[in-house]
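Student: sequence first, predicted coordinates after that:
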Amino acid sequence: MTSPERPGAAGPREREDEAEAPRLPAARRPPGEPERPTPAAPAPDAPASEAADEREPAADAPPADEPVHPDGGPPDAGAPDPAAPTGARLLLAALWPPRATRGQLVAAALLFVLGLGLAIQVRAAGSDDTALRGARPEDLVRILSDLDDRTARLEDEKRQLEAQRTELETSSDQAEEARRQNEERERRLGILAGTVAAEGPGVMLRIGDPLGAVGADMLLDAVQELRAAGAEAIQINEVRIVAETAFTDRNGGVRLDGEPVSAPYVVRAIGRPQDLEPALNIPGGVVQSLENDSASVSVERPERITVDALRRAEQPDYAQSSP
């Protein structure tokens, strides 16, 4: 019994015909060109529609070079392009390399000078407050005491001037009263200038210097402290101290207006003892500073202080009293 032939299977006759068919020579390809693959022939018994489907791609298939979305859908149109320039790159390209013009450099220099001036002005305005914040309690107490003493002196001067005005207005002989007030004013100015001797209440400061550590600056500090407390006349040893007195160190000693003075230094000051003595003994003041330098200091309050050292009155070369 002959078995039925399966469809699509080649019989013995067909295989012999294929073996006897002449072979065509292969087409020559240029050197260097890759070998093209030979498309596979469709099966003989395959339907024509299936062969056409293998040869022609689907119309809705995306091109080979077009990216495909991972989910199989169309690519995302809003995805950023990695090759596109970013904002940081654009900003860096605009700033570097610098392309400043001459006008821009001049404007930058002017703005720098203006800012520096404003900073210095603000710092100078707040320097006083900063100094007070960083001051020691002893310094703050001394500053407050000086301000109180100055206020009291100004109040006394105001009362004296008001009394003089009242006397001039109520006096029967205003010319005689004016002459008397002028003499009193001249005496006071003579005391301040050192041309007139003075006597009154005050304090006496004795400074011993066994180690020679007291210098001109320490004596000047003592004089300044007494003046701030209201001293009206001051004398150190035999030298009258006035506004223009010079304190210098020379040859290991102290000179006042060129005259040498030696220890013990005796400072006589006329004024209110209740104001002068606390100013010297204030914490961190003159007495404590001198004692820290191994000097012996004592403050006395006698009943009367005499300041009799005088200065020669200097005559002005050009100035004259006006009528």
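Tutor: Received the coordinates, thanks.
Student: how about residue 196, what does it touch?
Tutor: For residue 196, the contacting residues are 187, 190, 310, by Cβ atoms under 8 Å, 6 or more residues apart in numbering. Any C-beta I mention is one placed from the backbone N, CA and C, and that applies to glycine too.
Student: out of those, which comes closest to residue 86?
Tutor: The closest of the contacts of residue 196 to residue 86 turns out to be residue 190 (Cβ to Cβ; 88.3 Å).
Student: tell me the phi and psi of the residue lying closest to residue 312 once chain neighbours are set aside?
Tutor: Nearest residue to residue 312 in three dimensions, chain neighbours excluded: residue 195, at 7.6 Å (Cβ to Cβ, 6 or more residues apart in numbering). Main-chain torsions, residue 195, degrees, to the nearest 10: phi -90, psi -10.
Student: right, and residue 195 touches residue 313 too?
Tutor: Yes: under the criterion of Cβ atoms under 8 Å, residue 195 is in contact with residue 313, at a separation of 4.7 Å.
Student: compare those two (neighbour count), which wins?
Tutor: residue 195 (15 against 10; other Cβ atoms under 10 Å).
Student: how far away is that one from residue 108?
Tutor: Taking Cβ to Cβ, to the nearest Å as the measure, residue 195 falls 63 Å from residue 108.
Student: which stretches of this protein have low pLDDT?
Tutor: Of all residues in the chain, those with pLDDT under 70 make up the ranges 1-85, 98, 100, 125-132, 322-323.
Student: helices of that one, residue ranges please.
Tutor: Assignment of helices within the chain using DSSP state H yields the ranges 12-20, 48-55, 87-95, 102-125, 127-133, 137-170, 174-193, 216-228, 273-281, 286-292.
Student: for those, which one sits closest to residue 304?
Tutor: The minimum distance between residue 304 and those falls on helix 273-281, with 11.1 Å, by Cβ to Cβ.
Student: and the closest one, what does it pack against?
Tutor: Counting contacts by 3 or more Cβ pairs under 8 Å, 6 or more residues apart in numbering; DSSP states H and E, the secondary-structure elements packed against helix 273-281 are helix 137-170, strand 202-208, helix 216-228, helix 286-292, strand 296-300.
Student: redo that, cut-off 6 Å
Tutor: If contacts are counted by 3 or more Cβ pairs under 6 Å, 6 or more residues apart in numbering; DSSP states H and E, helix 273-281 sits against strand 202-208, helix 286-292.
Student: out of the ones you listed, which one sits most buried?
Tutor: Mean neighbour counts were compared across these using mean count of other Cβ atoms under 10 Å; the top stretch is strand 202-208, at a mean of 20.
Student: just want the angle from it to strand 296-300.
Tutor: Relative orientation of strand 202-208 with respect to strand 296-300: 170 degrees, computed using axes from the mean of the first three to the mean of the last three Cα atoms, to 10 degrees.
Student: which strands border strand 202-208, and is each parallel or antiparallel?
Tutor: According to DSSP bridges, strand 202-208 forms sheet pairs with strand 265-270 (antiparallel), strand 296-300 (antiparallel).
Student: got the angle for that strand vs helix 216-228?
Tutor: Relative orientation of strand 202-208 versus helix 216-228 (the same axes, to 10 degrees): 170 degrees.
Student: what does strand 202-208 rub up against?
Tutor: 264-271, 273, 276-277, 295-301, 305 (Cβ atoms under 6 Å, 6 or more residues apart in numbering).
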